[in-house]
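> When you get a sec, could you give me coordinates for this:
(one chain, ligands or ions: 1)
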Amino acid sequence: MKNAIVTGASSGIGLACAYKLVNMGYKVIGVSRDFSKCNCDHHNFVHVACDLTKKEQLVALQHKIDKQNTYILINAAGVGHFGPHETLRIDQIEEIITLNLTAPLLLTKLFLKPLKENSGYIFNISSISAQQPAIFGAAYGASKAGLQHFGHSLFKEARKSGLKVINIAPDITNTAFFDGLDFKPTEDPQSFIEPEDIADIVAHTLNLRPNTVVTNITLEPQKFKLEKRPRKKSQ
Ligand code: NAP
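Take a look at the predicted model:
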């Protein structure tokens, strides 16, 4: 059975991708801190608790996951802190960079050998913020632009092996990502993407003729609308 490692699999985009892959016949190894918040039991959906900002926990994953059959890696775990850059706390900036950029680079390093040997797939969930200036999201945009650039470079480096690296850059998606933020999607269903739409894109990409590689996918809702909440004070 082919394995898919999906980070951020306890919620939102990662969870939707995990379900899609399980239904396509993959064994999914979901990596997140806490799976108790999702009702996600399936015999082919294994939960591995890991805080990806903790290097020791991340590195230990290589001993907990059957490397040989690793065919897909989806880097979906991520966090956003937004506001004028000087108002972000130091630990918030560190979390953005460590989780959104460092962790995918380290995980890729740990599982790259079998992914290349299996002519597998890496999906990086970056963001539309990687492709345009992100006002009040400079650190977040930088982390996602770095992830996107990493993926494009890695594809050029490893394409001969058959490895595919796909950057998925969504705009506003209807998930818990906005829970602690001072803005969120509106009620208008035309103003956000659903996480299942992104899982459909992953499935579609996997079903393409293997010699055609989609390297970049940008997803935008039909309408651009956000709802603001009162800004929280940061130190
Ligand atoms: P979400 O529902 O909040 O999911 C975030 C996931 O990341 C959760 O499964 C969370 O699990 C995991 N996570 C957070 N901190 C972690 C840590 N330290 N270690 C391990 N896992 C951690 O948000 P989402 O929208 O699905 O976000 C998925 C990705 O999409 C992120 O990379 C985000 O930047 C990107 N994205 C989102 C949007 C959007 O509008 N929602 C748009 C563009 C890009 P635990 O809390 O259980 O650890």
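
> Pull the number of nearby residues for the nearest residue to His81 once chain neighbours are set aside.
In space, and not counting its chain neighbours, His81 is closest to Gln92: 4.0 Å by C-beta to C-beta, 6 or more residues apart in numbering. The way it works is simple: take the backbone N, C-alpha and C, and place the C-beta from them, glycine included. As a burial measure, the neighbour count of Gln92 was computed by other C-beta atoms under 10 Å and equals 18.

> Pull up the gap between Gln92 and Phe178, please.
Between Gln92 and Phe178 the computed distance is 16 Å (C-beta to C-beta, to the nearest Å).

> which regions of this protein sit below the pLDDT cut-off?
The chain contains residues with pLDDT under 70 at 230-235.

> which parts of the protein sit against the ligand?
For the chain, the residues found near the ligand under the criterion C-beta under 6 Å from any ligand atom are 8, 10-14, 32-34, 50-53, 76-80, 99-100, 125, 127, 170, 172-173, 175-177, 195.

> Please pick the buried ones from those.
Taking 16 or more other C-beta atoms under 10 Å as the criterion, what is buried in the residues of the chain next to the ligand is 8, 10-14, 32-33, 50-53, 76-80, 99-100, 125, 127, 170, 172-173, 175, 177, 195.

> Name the helix or strand for the nearest residue to Ser129 once chain neighbours are set aside, please.
Leaving out its chain neighbours, the residue that sits closest to Ser129 by C-beta to C-beta, 6+ apart is Gly141, at 4.0 Å. Assignment of secondary structure by DSSP states H and E places Gly141 within helix 138-158.
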